[in-house]
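S.K.: Take this sequence and fold it.
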Amino acid sequence: MIKKWLYYFYILSVIVLILYLALIFIFLKKDREYIANISSIYLEKQLIASKYEQINLIKKVLSNEYDILKKSYKYVQIKEIKKEIKSLKKLLEIILLVDKKNFYIYINNYFSKYKFDFNIEILNEKKTVIASNVFFDNGKKRKLKCNPLKNYGYCEVKNNDYFYSVTFLPYIKVYIVAQKQFAHPPKTYFHPLFLTLKSFPDIIVPNVKGKMDSDHFYIFDMFKPLNLFFGVGINYKKLENFPKKFTKETSTILFHRYLKLIFIMSLIMFVYLVVSTYFLFKLKNLGVKIEKETLYDKLTGLYTRKGLNEFYDKNKILLLLDLDNFKYINDAFGHEKGDEILVKFSELLKEFFDGDIICRWGGDEFIVLTNKSKEKIKRIIEKINEKIEKLQKQFDTKLEKNLSVSCGGSISIKSVEEKFKEADLALYKVKKTTKRGCRFFDELDYVKIENS
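M.R.: All right, here's what the predicted structure looks like:
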């Protein structure tokens with residue numbers, strides 16, 4: 001499987017390399033065609049188009065500054081309105097202190113004499129006009145366009161052409177409503193635009209900057225908000241020499257284009273190598289994972305039959321172990337408890353046969369390859385049986401059948417198949433007699449095999 005993927009990887013690498021070379025060839029061909037098709041008329045159009053781009057850029061700069069100046073003028077007007085309202089607030093406080101009874105008379109008298117350059121009204125708590133610089137508005141009901149009580153007694157509404165504000169005076173319980181239609185700034189206010197225009201090189205502004213001559217032809221445009229004309233000149237000689245100059249500059253441009261192309265393609269190849277290397281490691285890890293899954297048992301973590309064959313040593317003693325009455329555990333307590341017993345038993349084998357080869361042969365059968373002596377092996381089996389007995393008592397109160405370990409061993413120097421047969425015959429003798437113990441093939445006088 002991994003070799004197949006490696007094969008695909010190498011094929012893909014060759015395709016990418018061919019694609020890389022093909023792209024460079026295509027770009028070279030296009031550039032040759034581009035240079036061959038250049039004409040003086042086309043270049044002249046390019047030069048004129050660049051001048052139009054310059055004019056459009058200037059118009060954008062002027063437009064941005066024009067908007068800024070308009071906003072500034074609006075800000076000045078709003079500032080004046082707020083200044084007038086502040087003065088009016090102080091006046092109302094004074095009137096309230098001097099003569100509270102004739103408060104409304106003093107206010108209307110003041111409004112009739114003082115000329116505001118915006119509309120201003122004073123409303124009572126019921127939103128009725130009690131004073132206005134437009135006399136005929138007195139007594140009319142008003143609906144406020146914003147609520148000053150939500151913003152510490154002041155609110156405002158403004159857009160491109162209009163300003164509206166409401167100020168609430170809690171100690172007098174009146175609203176001061178001001179509204180104004182923004183005036184257009186005078187032409188003198190936009191004097192900085194002329195300075196900006198004059199700062200651009202090679203720009204003609206009639207009666208302001210530059211003079212026209214016969215060596216140039218001119219492109220003019222107008223900045224409509226101020227009806228301001230300006231233009232740019234193109235020298236005839238420069239226009240004639242432009243194709244030659246352009247041809248010289250083309251080599252530099254192409255050089256940079258190829259540098260850019262090489263950089264892009266190198267980046268693509270780098271990304272490709274990184275990604276392909278990543279997938280190669282993935283495939284390698286996958287192979288390791290598959291190999292691990294075939295060598296190790298998922299439930300217990302012990303070696304499988306394949307793992308045993310991988311590490312088999314004929315000089316070691318082969319032990320075949322089987323759990324007695326394991327079917328009873330599965331039937332009485334369920335397969336989950338059975339799996340738990342198998343895991344616990346595996347842990348005991350790892351504990352007592354530390355450093356030895358331990359394999360789960362299948363079901364409740366296990367194989368151990370060890371260099372320990374026969375006497376020590378028998379003592380280990382006894383200890384394991386004691387621990388299994390304690391383990392069963394933890395969950396099985398009835399103990400109808402005792403869970404134990406039977407073991408058969410072979411000490412001969414033979415193949416794994418032959419040693420397994422000898423150990424199996426020894427195990428058979430144990431299970432048919434006492435169970436819960438360990439016998440070795442060389443200790444048997446005879447083995448009677450029953451037909452099933």
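S.K.: so residue 180 is in which element?
M.R.: Here residue 180, judged by DSSP states H and E, is contained in strand 174-181.
S.K.: Okay, now the sheet partners of that strand, with direction.
M.R.: Here strand 174-181 has these sheet partners by DSSP bridges: strand 119-123 (antiparallel), strand 162-169 (antiparallel).
S.K.: Dump the first one to PDB, keeping only the CA atoms.
M.R.: What follows is strand 119-123 as a C-alpha-only set of coordinates in PDB (Å, rounded to 0.1, in the frame of the first residue of the first chain):
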ATOM      1  CA  ASN A 119     -34.100  78.900  13.800                       C
ATOM      2  CA  ILE A 120     -34.300  78.700  17.600                       C
ATOM      3  CA  GLU A 121     -37.300  77.900  19.800                       C
ATOM      4  CA  ILE A 122     -38.000  77.500  23.500                       C
ATOM      5  CA  LEU A 123     -40.600  74.800  24.500                       C
END
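S.K.: list the buried ones in the strand holding residue 180?
M.R.: Within strand 174-181, the residues that count as buried by 16 or more other C-beta atoms under 10 Å are 174, 175, 176, 177, 178, 179, 180. All C-beta atoms are positioned from the backbone trio N, CA, C, and that covers glycine.
S.K.: Is the fourth one in contact with residue 121, as I believe?
M.R.: Translated: residue 177. Yes - look at residue 177 against residue 121 with C-beta atoms under 8 Å: they come within range, at 4.6 Å.
S.K.: Common neighbours of the two, please.
M.R.: residue 142 (C-beta atoms under 8 Å, 6 or more residues apart in numbering).
S.K.: Contacts for stretch 99-108 next, please.
M.R.: 92, 95, 96, 122, 130, 131, 138.
S.K.: could you redo the last one with a cut-off of 7 Å?
M.R.: Stretch 99-108 has contacts (C-beta atoms under 7 Å, 6 or more residues apart in numbering) with 95, 96, 122, 130, 131.
S.K.: Make sure residue 337 is actually in contact with residue 326.
M.R.: No - look at residue 337 against residue 326 with C-beta atoms under 7 Å: they stay out of range, at 10.7 Å.
S.K.: more crowded one of those two?
M.R.: Per other C-beta atoms under 10 Å, whichever of residue 337 and residue 326 has more neighbours is residue 326, with 20 against 14.
S.K.: With adjacent residues omitted, what lies nearest to residue 411?
M.R.: With sequence-adjacent residues excluded and distances taken as C-beta to C-beta, 6 or more residues apart in numbering, residue 411 is closest to residue 317, at 5.1 Å.
S.K.: Could you report the neighbour count for that neighbour?
M.R.: 21.
S.K.: Shouldn't residue 230 be within a strand?
M.R.: Yes - looking at residue 230 with DSSP: H, G, I helix; E, B strand; the rest coil, it is inside a strand.
S.K.: Pretty sure it sits against residue 202.
M.R.: No - with contact defined as C-beta under 7 Å, residue 230 does not count as touching residue 202 (10.9 Å).
S.K.: The two: which is more packed in?
M.R.: residue 230 (23 against 13).
S.K.: Next up, the contacts around the nearest residue to the more buried one once chain neighbours are set aside.
M.R.: Distances taken as C-beta to C-beta, 6+ apart put residue 205 closest to residue 230, at 4.8 Å, once the chain neighbours are dropped. Shown in contact with residue 205 (C-beta under 7 Å, 6+ apart): 197, 198, 230.
S.K.: Repeat that for residue 266.
M.R.: Contacts of residue 266 (C-beta under 7 Å, 6+ apart): none.
S.K.: Report the separation between it and residue 13.
M.R.: Going from residue 266 to residue 13 by C-beta to C-beta, to the nearest Å gives 15 Å.
S.K.: next one: residue 331
M.R.: In this view, residue 331 and residue 13 are 59 Å apart by C-beta to C-beta.
S.K.: same question, residue 176
M.R.: Separation of residue 176 from residue 13 (C-beta to C-beta) stands at 80 Å.
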